[in-house]
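Student: quick one: sequence and predicted model below, then my questions.
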Amino acid sequence: MGISMKWLVAGVLGAAAFGAQAQVNQIKVWAAACANCHGTNGRAEPGMESLAGKDKDEMLQKLLDFKSGRKPATLMHQLSKGYTDEQLAQISGYFASQKK
């Protein structure tokens, strides 16, 4: 592999890593909106539901149910409508990956 090809490969890999980190950062921004009620990184104060370490699929189903109106809520039905289903899946994955 020539020197210019090595730089090209390094550039592509660097750009991919940057893109992946940017995506992680975006998910953290979306998840931060949940902190007011569900605590930093999903670890809520007593009286509120903690999200950290919960099952991703169960969280996603709840969010989708809020979004569609199948699950009644005071606020979550409005908030969940501000995200795509894919964004809700990514947010659920983020909270599922946090330590309880």
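Tutor: Nice, thanks for sending it over. Numbers count the residues shown, from 1 in each chain.
Student: is K71 in contact with Q61, as I believe?
Tutor: No - assessed by CB atoms under 8 Å, K71 is found out of contact with Q61, at 9.1 Å. In this view, the C-beta of every residue, glycine as well, is placed from N, C-alpha and C.
Student: what element comes up after the helix or strand of the chain with the lowest mean pLDDT heading to the C-terminus?
Tutor: Lowest on mean pLDDT, DSSP states H and E among the helices and strands of the chain sits helix 3-32, with a mean of 69. Per DSSP states H and E, helix 3-32 leads on to helix 35-38 as the next helix or strand towards the C-terminus.
Student: which residues sit against that next one?
Tutor: The contact list for helix 35-38 (CB atoms under 8 Å, 6 or more residues apart in numbering) reads 41, 44, 48-51, 75, 95.
Student: one more time with 7 Å
Tutor: Identification of contacts with helix 35-38 by CB atoms under 7 Å, 6 or more residues apart in numbering yields 44, 48-51.
Student: average pLDDT for that helix?
Tutor: The average pLDDT within helix 35-38 is 93.
Student: tell me how far the residue nearest in space to the middle of the chain lies from G53.
Tutor: When CA atoms, centre = their mean is applied to the chain, the residue found nearest the centroid is I91 (2.1 Å). Distance of I91 to G53, given as CB to CB, to the nearest Å: 14 Å.
Student: repeat for G82
Tutor: 24 Å.
Student: tell me which of these two has more neighbours.
Tutor: Using other CB atoms under 10 Å as the criterion, G82 and G53 rank with G53 on top: 14 against 11.
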